[in-house]
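Q: Dropping a prediction and its sequence here:
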Amino acid sequence: MLHKLPNGVQDISSLRQEVGNDTQVTEFILMGLSDLPAVRFSLFVVFLLIYLVTLVGNGTILLAIGADSHLHNPMYFFLTNLSLLDIFCPTATVPKMLNSLLSNNSVISFVGCVLQLYFLVALVGTEVFLLAVMAYDRYVAICNPLRYPVIMSKRRCLWMAAGTWITGFLNSLLHTMMTFTLPYRKSNKVNQYYCDMPPVLALSSASTYLAEMVVLVVGGIFGAGAFLLTFLSYIYIITTILRIRSTEGKRKAFSTCASHLMVVCLFYGTTISTYIKPSSSYHPDQDRLVSMLYGMVTPMLNPLIYSLRNKEVKGSLKRILVRK
């Protein structure tokens with residue numbers, strides 16, 4: 001519906017757009033970072049170092065897998081996708097956060113907030129599905145090793161990887177539309193250092209019940225399905241490993257999935273505590289810390305977990321360094 005602008009209102013790109021007797025938010029202010037100059041610079045240095053370590057760590061894994069033909073198999077193909085996600089996920093939020101710390105400008109446009117939330121939720125959702133696919137891959141490799149080349153064929157791996165990305169981005173499109181079709185008129189101060197669903201929904205001037213139900217139902221179905229696949233895969237994996245008589249065989253089998261299990265526990269623990277709850281129970285300080293774990297710390301730790309515990313990746317990196 002079109003509204004005639006009141007007399008004297010000509011700049012429709014101002015912080016709030018007049019609509020009738022109310023105002024529509026056109027920009028948000030990210031309030032998740034301290035206003036103290038000394039602390040802001042310290043946070044800038046810390047977050048920049050974390051971001052750089054994340055880029056270098058995941059980039060190193062991509063280099064090791066790409067340069068070594070021995071690592072061109074399904075397990076490392078999915079690990080490549082995980083490393084890409086761990087590069088893209090912090091990139092959706094950290095550059096804006098660093099700019100805010102450096103320039104003391106925490107304003108983000110409405111469209112910018114929409115895009116930031118969309119890509120963040122899409123990448124997090126994609127990682128949920130990818131971790132489930134990686135668990136299934138380990139299940140087939142350990143429980144059905146003779147059929148592994150047939151079941152995890154190159155074509156099937158490509159389709160599974162593509163399915164995780166497509167499902168993650170379509171799922172995010174639904175949640176983003178449900179979030180930003182709500183009116184935002186009472187406040188524009190987001191209690192977070194980036195735009196995410198819980199803190200943004202908390203600002204809506206209308207009921208967020210439907211949007212929250214969509215998150216709980218759709219997110220619950222997809223999330224529970226991915227978690228169930230991951231959980232059952234590891235039940236079968238552990239059962240199979242316990243049946244192995246050789247101690248060396250048990251150690252070798254467990255070492256191939258221990259790193260992935262650590263990543264799964266860290267990632268699921270932080271994302272569930274962030275998204276699977278109503279906005280009325282949103283606690284800025286607590287959720288800010290949790291979101292920092294899965295948004296910045298987890299992507300930094302993933303390459304360390306995989307590279308330090310994986311002899312093949314370390315061997316590939318040593319060969320690359322020797323050649324250089």
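A: Structure received.
Q: quick one: the helices in the stretch 201-324 of the chain?
A: Along the stretch 201-324 of the chain, counting by DSSP state H, counting those that start in this stretch, helices occupy 209-243, 247-275, 284-292, 298-309, 311-323.
Q: where does this protein have its least confident helix or strand?
A: strand 16-19 (a mean of 43; mean pLDDT, DSSP states H and E).
Q: Need the winner for burial among the helices of the stretch 201-324 of the chain.
A: helix 298-309 (a mean of 20; mean count of other Cβ atoms under 10 Å). For glycine as for every other residue, the C-beta is placed from the backbone atoms N, C-alpha and C.
Q: For it, give me every contacting residue.
A: For helix 298-309, contacts defined as Cβ atoms under 8 Å, 6 or more residues apart in numbering pick out 50, 53-54, 57-58, 60-61, 64, 79, 82-83, 85-87, 89-90, 255, 258-259, 262-263, 266-267, 270, 313-314, 317.
Q: quick one: that helix to helix 311-323, angle?
A: 80 degrees (axes from the mean of the first three to the mean of the last three Cα atoms, to 10 degrees).
Q: for the record, mean pLDDT for helix 298-309?
A: What helix 298-309 shows for mean pLDDT is 76.
Q: Over to Ile108. Which of the three states is it?
A: Secondary structure state of Ile108, per DSSP: H, G, I helix; E, B strand; the rest coil, is strand.
Q: got the contact list for it?
A: Ile108 makes contacts with 27-30, 96, 116, 195, as judged by Cβ under 8 Å, 6+ apart.
Q: so where is this protein shaky, pLDDT-wise?
A: Applying pLDDT under 70 to the chain flags the ranges 1-23, 34-37, 249, 253, 256, 269-291, 293-294, 307-309, 324.
Q: separation between the most centrally placed residue in it and Leu304?
A: Centroid-nearest residue in the chain: Val124, 2.8 Å away (criterion: Cα atoms, centre = their mean). Val124 sits at a distance of 20 Å from Leu304 (criterion: Cβ to Cβ, to the nearest Å).
Q: ditto for Ile87
A: Ile87 is 14 Å from Leu304, by Cβ to Cβ.
Q: same check, this time on Gly59
A: According to Cβ to Cβ, Gly59 and Leu304 sit 13 Å apart.
Q: do the same with Leu130
A: From Leu130 to Leu304 the distance is 18 Å (Cβ to Cβ).
Q: circling back: mind checking the helices of the stretch 201-324 of the chain for the one nearest to Ser172?
A: For the helices of the stretch 201-324 of the chain, the distance to Ser172 is smallest for helix 209-243, at 10.5 Å, taking Cβ to Cβ.
Q: Are there helices or strands packed against the closest one, and which ones?
A: helix 110-143, helix 154-180, helix 197-201, helix 247-275 (3 or more Cβ pairs under 8 Å, 6 or more residues apart in numbering; DSSP states H and E).
Q: of all those, which lies closest to Met213?
A: Nearest of the helices and strands packed on helix 209-243 (Cβ to Cβ): helix 154-180, 9.3 Å.
Q: After that closest one, which helix or strand is next?
A: strand 189-190 (DSSP states H and E).
Q: which residues touch Ser316?
A: Contacts of Ser316 (Cβ under 8 Å, 6+ apart): 64-65, 67-68, 70-71.
Q: and these, which are buried?
A: 64-65, 68, 71 (16 or more other Cβ atoms under 10 Å).
Q: Now, those residues that are in strands?
A: Per DSSP state E, strands hold no members of the buried ones among the contacts of Ser316.
Q: can you tell me which of those lies nearest to Val200?
A: For those, the nearest to Val200 is Ile65 (36.4 Å; Cβ to Cβ).
Q: can you pull the contacts of that closest one?
A: 71-72, 76, 79-80, 313, 316.
Q: Return the subset of the residues you listed lying in helices.
A: Mapping those onto helices (DSSP state H) picks out 76, 79-80, 313, 316.
Q: Val140: neighbour count?
A: 19 (other Cβ atoms under 10 Å).
Q: and the gap between it and Thr240?
A: On the measure of Cβ to Cβ, Val140 and Thr240 end up 11 Å apart.
Q: Then Leu79?
A: For Leu79, the distance to Thr240 - Cβ to Cβ - is 21 Å.
Q: now swap in Leu301 and tell me
A: For Leu301 relative to Thr240 (Cβ to Cβ), the value is 27 Å.
Q: How many neighbouring residues does Met31 have?
A: So Met31, with other Cβ under 10 Å, has 17 neighbours.
Q: OK, contacts around it?
A: If you count contacts by Cβ under 8 Å, 6+ apart, then Met31 has 106, 189-192 around it.
Q: where does it fall, phi/psi-wise?
A: Phi and psi for Met31, reported as degrees, to the nearest 10, are phi -100, psi 20.
Q: ok, His175 to Thr181 distance?
A: Taking Cβ to Cβ, one finds His175 at 11 Å from Thr181.
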